[in-house]
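Chemist: Structure for this input, please:
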Amino acid sequence: QVQLVESGGGLVQAGASLRLSCAASGRTFGSYAMGWFRQAPGKEREAVATINWVAGSIWYADSVKGRFTIFRDNAKNTVYLQMNALKPEDTAVYYCAKGSSAWSARSEAAYDSWGQGTQVTVSS
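Modeler: The predicted model follows:
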C-alpha cells in the first residue's frame, strides 16, 4: 500500500501562489498515474489535474487551466501542484491520489490510494 503525504497548503490572498507537494512511499511510484483533487465546503470532491506515469498526458479542469501546473519527479517519488493566480473559489481541501494504473483518469474510481489532504484557503 502506497502512503501519500501532502504539504504546502495555507492561507493566502487572491492572486498569490502556492505549491502543493505529495510525497509517496514505495518504489513503484513512477509506474502509476497521479492526480490532484479538491473538495470545497458543501461540494463534492472534484478532479483538478492528472498526470500519467511518464508525464506525457496531463489534464486540467477548466476552472484551473492556465493557472495550475501538475508535474512529477519520479526520482523523488513526489508529485506537485503549482497554483498561481489563486482565487477565493480555489478554497478547498486538496488531495493527491495514486492511480491504479499508469494511465491518468478523472474519475475517483481510477485511484486507489489517497493522502490526508491539505487545506488551501484564498481570501479576497
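Chemist: Tell me which stretches of the chain form strands.
Modeler: Secondary structure of the chain by DSSP state E: the strands cover 4-7, 10-13, 18-24, 34-39, 46-51, 58-60, 68-73, 78-83, 92-99, 111-114, 118-123.
Chemist: Pull out the buried residues from stretch 58-76.
Modeler: Buried residues in stretch 58-76, counted by 16 or more other CB atoms under 10 Å: 59-61, 64, 68-70, 72, 74. (C-beta placed from N, C-alpha, C; glycine too.)
Chemist: doesn't residue 123 make contact with residue 87?
Modeler: No: counting by CB atoms under 8 Å, residue 87 stays clear of residue 123, with 10.5 Å between them.
Chemist: Give me the more crowded residue out of the two.
Modeler: Set side by side, residue 87 and residue 123 show more neighbours around residue 87, with 14 against 11, by other CB atoms under 10 Å.
Chemist: Show me the shaky parts of the protein.
Modeler: The chain contains residues with pLDDT under 70 at 27, 55.
Chemist: At the geometric centre of it, which residue do we find?
Modeler: Nearest to the mean C-alpha position of the chain, by CA atoms, centre = their mean, lies residue 36 at 2.2 Å.
Chemist: And that one, how far from residue 59?
Modeler: In this view, residue 36 and residue 59 are 11 Å apart by CB to CB, to the nearest Å.
Chemist: okay, and the common contacts of these two?
Modeler: By CB atoms under 8 Å, 6 or more residues apart in numbering, residue 36 and residue 59 have these common neighbours: 47, 49-50.
Chemist: For residue 15, what are phi and psi?
Modeler: Reported as degrees, to the nearest 10, the phi and psi values for residue 15 are phi 90, psi -10.
Chemist: circling back to that earlier point, can you list the strands of the chain in CSV and add distance to residue 105?
Modeler: Formatted as CSV, these follow (distance: least, CB to CB, whole Å):
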stretch, distance to residue 105
strand 4-7, 17
strand 10-13, 29
strand 18-24, 17
strand 34-39, 8
strand 46-51, 7
strand 58-60, 9
strand 68-73, 14
strand 78-83, 15
strand 92-99, 7
strand 111-114, 8
strand 118-123, 22
